[in-house]
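# give the three-dimensional model of this entry:
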Amino acid sequence: MPLLSNDSYLGNKSIRMEQFGGGSSEGSFEERCSRITFEDIFEYTKAEYHFQIDQDWQSAEVFAKAWINWSMADVVRERLDSYLEGFLPSGGDGWLSTDERDAVMSIAADCIEHTITRIGIRDGPPHRGGVGVDWKNTSWEGDSIIVNEVNGVPSRHSEIRTCESYNLNTPCYEIPVIPSENRDCDTDIDNTLGLDECRFILYLNSTLELSGISDPESFTIALNASNMSNAELKFSFPLTNDLRLDMWEECEGRYVGLDIDLGDDYVTPLRGSCIGDQSSNYSLDSNNDILNYTIFPNSDKINWPSGEDIFADFTTLPVPIDNPPVWTEAAPIDGTWFPLHETGEVIWADWEQISTWFNDELGVSNLDISCFGDLNSSIRQNINGSLYANIEYLQEITCEARDSSGQTSGNRTWHIGKPILLSTTSQSLQNPHPIYIEVSDNWPPLAISIALYQDVEPIFSEFLIESSTYVNVTSIGLTPGAVKVKMIIAGENIYQSMSIYDLGIIKESSPPFFVASSTGFSISEPSHWSARGQFSDPDGEEVSFSFFIDDSLMGTLEPSGNTWEIPEINFNLWPEGEYEIKLEGCDESGICAIILFEVNNSHLYVEELVQPISQDSNEERFIPFTNLYLIFISVAGALMYTIRRD
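Below you'll find the predicted structure:
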């Protein structure tokens, strides 16, 4: 039984991001553990995993061993001790005890049961996922996790000492989490040998549940190798006749950070289109007709939050015939026009586009794509697969794909250049706003979709452009600030492109508008003056209000809906005279408008016959609590005014 309640352990402890609970105290123990991996709990120097898949393909027996060496062992011991700070008297004291070790190992086993396995396995035609496909379809079998360690608390450590145990029947020993300079963790070993006496080893045994295999004739194994290095993962498959690896690829760049929204623009790669960084690799071997597949991931942590996924497609189908690569229907036809938005050294086709242009049984990433053009075009393919060229004028570029056997797709020739130059006669936004489209020579008619653009999806205006011309573009719905131009170029035999231009257009803020609907002294309280009215802002911005008496700030107002109101001011508390009350409203851009009121309180000082107060009256007069703020403002304002006038 674990020493501590799992939920209280995670709920009350502030733990760094990559450790227990994913760095958040929200959610249950299971929910928090489900956001992390084994490597987040135990950082290791090297690890070996063996997955022995059962005959029914529904589960795999897992045996793992991890070495934690040299200074990393110090770091892990220090963390193990810190995990229990506040829960055990010795927690966080710089010493790791056998009690602490056993407690953390027990909690770790419970947590690992809910962690991300990193592994997905699905049968059927090979693919790389997509909408509605979740590769996280394996899980640890409940209560199957066993975690053991060797040398976590070295029994022959030079500084080992006894400690008080929570279990009276078990002796307790503890060691400093950071050893002495000579790292004497085993007094039986000669320090001069330079051996790592302080390292310790973790063992993990468990069962992995597989739910994605019903027909093992064709299946894909996916591994999330992000932040995983110095590890070996060996998969041993049941005896399956003619089982072979059909394709293996390393896919880089999937966002694996904490902000889920940042991964929304990730595009699932096409099979065979991934260009890996070659940091990871694999091996295959057969033992008594049992196929073993071993992955060696080596994804550097400095790449986070950019992740790495490894896919391996297995099948019993015959090896496909080595056919030449072919152009796909998505590829631009011969004679297509490529519009660019700039000249010079440009990316005229990125890999996301190029990967859809060819089909080959070994995958498009294994093709050699060669292009040539004018002598000055300097065409090259970047390490990420994108095509670069020096484009200063309209020119022709010819491309083809070649496989490892030297077979080609045949070439296609395209026209590439900058067809349009945009400008405007006004940097101050108008509605509609004039945009001048200057068309370069020798281009066919262009179907233009153009919009004034900020952060939200713009409203496009469409034009067929055959020669240079002005177009008027709507600016409805834009807010004060910078405005860019978003343009899509398409047309017959035009390879569609989208670009954003900064022409220096600015939408200036218009001042808010407000009116007074009622103003004056109260009938029931003749000395109390107030005003109220309505307001709006042409740009839809929030408006904040302040009011002044003779240019002295009296306070701010909280509008209600589209209504503003100056609270009642008791002018009995002000000297006789004329006053200027100013209401100022400012929008979020700092543009303000004012409205002025002239108030004369002289009528409050006309002498009236004062009726004597009855001597036998026992009535007391109280100030209602709701009027305290009003009186405070009135008195404070009157004092300010009197002092200023004196």
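# sketch out the low-pLDDT regions of the stretch 51-200 of the chain for me.
Along the stretch 51-200 of the chain, the model assigns pLDDT under 70 to residues 132.
# go again using 50 as the cut-off
Within the stretch 51-200 of the chain, no stretch has pLDDT under 50.
# please, where are all the helices along it?
Assigned by DSSP state H, counting those that start in this stretch, the helices in the stretch 51-200 of the chain fall at 70-83, 98-112.
# now the chain
Ranges of helices in the chain, per DSSP state H, are 6-11, 29-33, 38-41, 70-83, 98-112, 351-354, 628-645.
# quick check: buried residues in the second one?
For helix 29-33, burial by neighbour count (16 or more other Cβ atoms under 10 Å) applies to 29, 32-33. Using the backbone N, CA and C atoms, a C-beta is placed for each residue, glycine as well.
# beta partners of residue 206?
residue 62 (DSSP bridges).
# that one: neighbour count?
Other residues within reach of residue 206, judged by other Cβ atoms under 10 Å, total 21.
# again with residue 173
For residue 173, using other Cβ under 10 Å, the count is 19.
# test my guess that it contacts residue 152.
No. Look at residue 173 against residue 152 with Cβ atoms under 8 Å: they stay out of range, at 11.1 Å.
# where's residue 109 relative to residue 373, distance?
Using Cβ to Cβ, to the nearest Å, we find residue 109 at a distance of 62 Å from residue 373.
# just how off-centre is stretch 370-390 within its chain?
Taking Cα atoms, centre = their mean, to the nearest Å, one finds the center of stretch 370-390 at 33 Å from the center of the full chain.
# need the CA coordinates for it. PDB is fine.
Extracted in PDB, the C-alpha atoms of stretch 370-390 (Å, rounded to 0.1, in the frame of the first residue of the first chain):
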ATOM      1  CA  SER A 370      15.300  18.200 -59.900                       C
ATOM      2  CA  CYS A 371      14.500  21.600 -61.500                       C
ATOM      3  CA  PHE A 372      16.300  23.900 -63.900                       C
ATOM      4  CA  GLY A 373      15.700  27.300 -65.400                       C
ATOM      5  CA  ASP A 374      17.600  30.400 -66.600                       C
ATOM      6  CA  LEU A 375      21.300  30.600 -65.700                       C
ATOM      7  CA  ASN A 376      20.600  33.200 -63.000                       C
ATOM      8  CA  SER A 377      17.700  31.300 -61.400                       C
ATOM      9  CA  SER A 378      19.900  29.300 -59.000                       C
ATOM     10  CA  ILE A 379      17.200  26.700 -58.300                       C
ATOM     11  CA  ARG A 380      17.800  24.600 -55.200                       C
ATOM     12  CA  GLN A 381      15.900  22.400 -52.800                       C
ATOM     13  CA  ASN A 382      16.300  23.100 -49.100                       C
ATOM     14  CA  ILE A 383      16.800  20.400 -46.400                       C
ATOM     15  CA  ASN A 384      13.000  20.800 -45.600                       C
ATOM     16  CA  GLY A 385      12.100  19.900 -49.200                       C
ATOM     17  CA  SER A 386      11.000  23.400 -50.300                       C
ATOM     18  CA  LEU A 387      12.100  24.800 -53.700                       C
ATOM     19  CA  TYR A 388      14.000  28.100 -53.800                       C
ATOM     20  CA  ALA A 389      15.000  30.200 -56.800                       C
ATOM     21  CA  ASN A 390      16.300  33.600 -57.700                       C
END
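# residues in contact with it?
The contact list for stretch 370-390 (Cβ atoms under 8 Å, 6 or more residues apart in numbering) reads 275, 344-351, 354-355, 365, 369, 391-392, 395-402, 416.
# I'd guessed residue 465 sits against residue 437; true?
Yes. Contact criterion Cβ under 8 Å: residue 465 and residue 437 qualify, at 5.8 Å.
# overlap of the contact sets of those two?
Contact criterion Cβ under 8 Å, 6+ apart; residues shared by residue 465 and residue 437: 420, 448.
# list the residues that contact residue 253.
Counting by Cβ under 8 Å, 6+ apart, the residues that residue 253 touches are 266, 306-307.
# can you rerun that using 10 Å?
Contacts for residue 253 (Cβ atoms under 10 Å, 6 or more residues apart in numbering) come out as 266-267, 269, 274-275, 277, 303, 306-309, 384.
# next one: it from residue 385, what distance?
Taken as Cβ to Cβ, the span from residue 253 to residue 385 is 12 Å.
# what does residue 254 give?
Counting by Cβ to Cβ - residue 254 and residue 385 are separated by 16 Å.
# could you do residue 232 as well?
Taking Cβ to Cβ, one finds residue 232 at 29 Å from residue 385.
# which one of the two is surrounded by more residues?
Neighbour count, other Cβ under 10 Å: between residue 232 and residue 385, residue 385 has more, with 19 against 15.
# check contacts around the closest residue to residue 211 other than its chain neighbours.
In this structure, residue 211 finds its nearest non-sequential neighbour in residue 137, 5.4 Å apart by Cβ to Cβ, 6 or more residues apart in numbering. If a contact means Cβ under 10 Å, 6+ apart, then residue 137 has 117, 119-122, 209-213, 222 as its contacts.
# for residue 137, give me phi and psi.
phi -110, psi 20 (degrees, to the nearest 10).
# and it, how close does it get to residue 212?
Residue 137 is 5 Å from residue 212, by Cβ to Cβ.
# just to revisit the earlier point, list only buried entries from the contacts of residue 137.
So, by 16+ other Cβ under 10 Å, the buried ones in the contacts of residue 137 are 117, 119-122, 209-210, 212-213, 222.
# residue 592 is in contact with residue 513, correct?
No. Under the criterion of Cβ atoms under 10 Å, residue 513 makes no contact with residue 592, lying 11.7 Å away.
# now list whatever residues contact both of those two.
With Cβ under 10 Å, 6+ apart, residue 513 and residue 592 have common neighbours 543, 585.
# distance between the ends of stretch 339-347?
Separation of the first and last residues of stretch 339-347 by Cα to Cα, to the nearest Å is 12 Å.
# again with stretch 454-467
End to end - Cα to Cα - stretch 454-467 spans 28 Å.
# count the residues that sit near the closest residue to residue 350 other than its chain neighbours.
Closest residue in space to residue 350, ignoring its immediate chain neighbours: residue 386 at 4.5 Å, by Cβ to Cβ, 6+ apart. Counted with other Cβ under 10 Å, residues neighbouring residue 386 total 17.
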